[in-house]
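Engineer: sequence plus predicted model, see below.
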Amino acid sequence: MDSFYSGQYVNQGSYQSFQPTEINKKWLFNNMELLNLLSKADRFLGRLDMYSTYVDIDHYIRVHVAKEATQSSKIEGTQTNFQEAFLNKEEISKEKRDDWEEVQNYIDAMNQAVQQLHTLPFSSRLIKQTHKILLKGVRGKHKAPGEYRSSQNWIGGASINDAVFIPPVQHSIADLMSDLEKFANNELNSLPDLLKIGIIHYQFETIHPFLDGNGRVGRLLITLYLVDKGILKAPILYLSDFFERNRQLYYDNLMRVRTHHNLVQWLKFFLTGVIEIAKKGVETFDGILQLKASLEGKVNTLGSRAGDAQKIINYLYQRPIIDATKVIQLTGKSKATAYKIIDELEKMKILEEISGSKRNKLYRFEDYINLFNS
């Protein structure tokens, strides 16, 4: 691994594209610093995965996915924030609806891809189907959703002539992605899975097989791979938050593999991200359990309305934005009673009004949202 050769630049006439070496081969590594980071990452991932067994994970998974969707899309320049991901389209200002739709597509793509892992392996077919969902009806919808590119693309710069990076030519995409797929599913390769997905992410971003949406798909693949290999029982680790906060380092470390063949530095950065995000995940779930216990005590003071209040809170764990109409649907109570329950939850600081309007008010589950924003 220390002697890794990433590939070479190939003259294409007016520009040079980068042709990466294939990765489905025998790997050896003896870097002790990398081994130490790998050990820590495995340990914290194990602690995080524990919550999949002891917590009703389906209750909270939607919020985790929404957090990832907004952070991954933010790297690409969208402006939707975490809270807005739970609003309906008509509640989003018109100038932000395109961004909102991209985030919703990411949520759909992740959810469907996780379900498809029950019947499909980690494969080009799965990657293409995920990409198709990601670009459905949004910017990039005319750039061959679900199909590998048939023309040259580039990263950065106003044109290919001043591009920061030019991926491999289009006619090599099929072979490179086939090699990536074989590497991902090669059970005879004894390389630890966390190192494998770190290499897969680098290689995917280098190949850049689609005309649009490569970054989002590449980040999404990290979680899918960990679920597919049974490292996580549920998709509860998302690195986009780490990559977004360290965006320049993220790009620099990927690029340094291509320019200096320094794969080890990229993997150190990647594993550092896994450790940090797994730690935060553990803290978030601990916070959720503490919040849950605290709210049960508060709700029990509401007497006859306690049952209805608990129904509302159970819903809020999955979608932490609510209005009176949804409260009526959940409780089956009248509009007047629904507003009385909302008023009680506001007094308890469980709900906070966020719309600032007199009609069609929106309320957020403030303490719960803050656990994901911290």
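Structural biologist: Ah, there it is.
Engineer: distance of residue 79 from residue 225?
Structural biologist: Using Cβ to Cβ, to the nearest Å, one gets 29 Å for the distance from residue 79 to residue 225. All C-beta atoms are positioned from the backbone trio N, CA, C, and that covers glycine.
Engineer: equivalent analysis for residue 296, please.
Structural biologist: For residue 296, the distance to residue 225 - Cβ to Cβ - is 37 Å.
Engineer: more neighbours: which of those two?
Structural biologist: residue 225 (21 against 12; other Cβ atoms under 10 Å).
Engineer: what's the burial count for the closest residue in space to the more buried one that isn't next to it in sequence?
Structural biologist: The shortest distance from residue 225 to any non-neighbouring residue, by Cβ to Cβ, 6 or more residues apart in numbering, is to residue 197 (4.5 Å). As a burial measure, residue 197 scores 24 neighbours (other Cβ under 10 Å).
Engineer: list the contacts of residue 192.
Structural biologist: 38, 42 (Cβ atoms under 8 Å, 6 or more residues apart in numbering).
Engineer: do residue 133 as well
Structural biologist: Shown in contact with residue 133 (Cβ under 8 Å, 6+ apart): 105, 108-109, 112-113.
Engineer: what is the nearest of the residues you listed to residue 292?
Structural biologist: Residue 292 has its nearest neighbour among these in residue 108, at 27.6 Å by Cβ to Cβ.
Engineer: so the closest one is in which element?
Structural biologist: helix 97-116 (DSSP states H and E).
Engineer: again, but for residue 183
Structural biologist: Counting by DSSP H and E, residue 183 is part of helix 173-185.
Engineer: now do residue 19
Structural biologist: Judged by DSSP H and E, residue 19 forms part of strand 16-20.
Engineer: correct me if wrong: residue 313 contacts residue 298.
Structural biologist: No. Counting by Cβ atoms under 8 Å, residue 313 does not reach residue 298; the two are 9.5 Å apart.
Engineer: contacting residues around stretch 2-21?
Structural biologist: Under the contact criterion Cβ under 8 Å, 6+ apart, stretch 2-21 has outside partners 29-31, 152, 154, 160-161, 163, 165-169, 172, 176, 203, 206-207, 257-258, 261, 263-264.
Engineer: low-confidence ranges in this structure?
Structural biologist: Within the chain, the segments meeting pLDDT under 70 span 374.
Engineer: quick one: the helices in it, in order.
Structural biologist: For the chain, applying DSSP state H gives helices covering 32-54, 61-75, 97-116, 124-134, 173-185, 193-207, 214-228, 240-245, 247-260, 263-299, 306-316, 324-331, 335-347, 366-373.
Engineer: just put the ones you listed in a markdown table and tack on distance to residue 85.
Structural biologist: Output for the helices of the chain, formatted as a markdown table (distance: least, Cβ to Cβ, whole Å):
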| stretch | distance to residue 85 |
| --- | --- |
| helix 32-54 | 22 |
| helix 61-75 | 4 |
| helix 97-116 | 5 |
| helix 124-134 | 15 |
| helix 173-185 | 29 |
| helix 193-207 | 24 |
| helix 214-228 | 14 |
| helix 240-245 | 13 |
| helix 247-260 | 20 |
| helix 263-299 | 17 |
| helix 306-316 | 14 |
| helix 324-331 | 16 |
| helix 335-347 | 22 |
| helix 366-373 | 11 |
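Engineer: please name the residues that touch residue 257.
Structural biologist: So residue 257 contacts 4, 6, 202, 206, 263, 265-266 (Cβ under 8 Å, 6+ apart).
Engineer: hmm, 10 Å instead?
Structural biologist: By Cβ atoms under 10 Å, 6 or more residues apart in numbering, the contact set of residue 257 is 4, 6-7, 20, 199, 202-203, 205-206, 263-267.
Engineer: find residues that contact each of residue 313 and residue 298.
Structural biologist: Shared contacts of residue 313 and residue 298, counting by Cβ under 10 Å, 6+ apart, come down to 345, 350.
Engineer: give me the more crowded residue out of the two.
Structural biologist: Per other Cβ under 10 Å, whichever of residue 313 and residue 298 has more neighbours is residue 313, with 21 against 16.
Engineer: the more buried one and residue 345 touch, don't they?
Structural biologist: Yes. At 8.2 Å, residue 313 counts as touching residue 345 under the criterion of Cβ atoms under 10 Å.
Engineer: overlap in contacts, those two.
Structural biologist: 295, 298-299, 322, 351, 365.
Engineer: quick revisit: buried ones in the helix holding residue 183, by neighbour count?
Structural biologist: Buried residues in helix 173-185, counted by 16 or more other Cβ atoms under 10 Å: 173, 176-177, 179-181, 183-184.
Engineer: repeat that for stretch 226-239.
Structural biologist: 226-228, 231-232, 234-239.
Engineer: now swap in stretch 287-301 and tell me
Structural biologist: For stretch 287-301, by 16+ other Cβ under 10 Å, it's 287-288, 291-292, 295, 298-299.
Engineer: do the same with stretch 330-348
Structural biologist: Buried positions in stretch 330-348, judged by neighbour count with 16+ other Cβ under 10 Å: 330-331, 333, 338, 341-342, 344-345.
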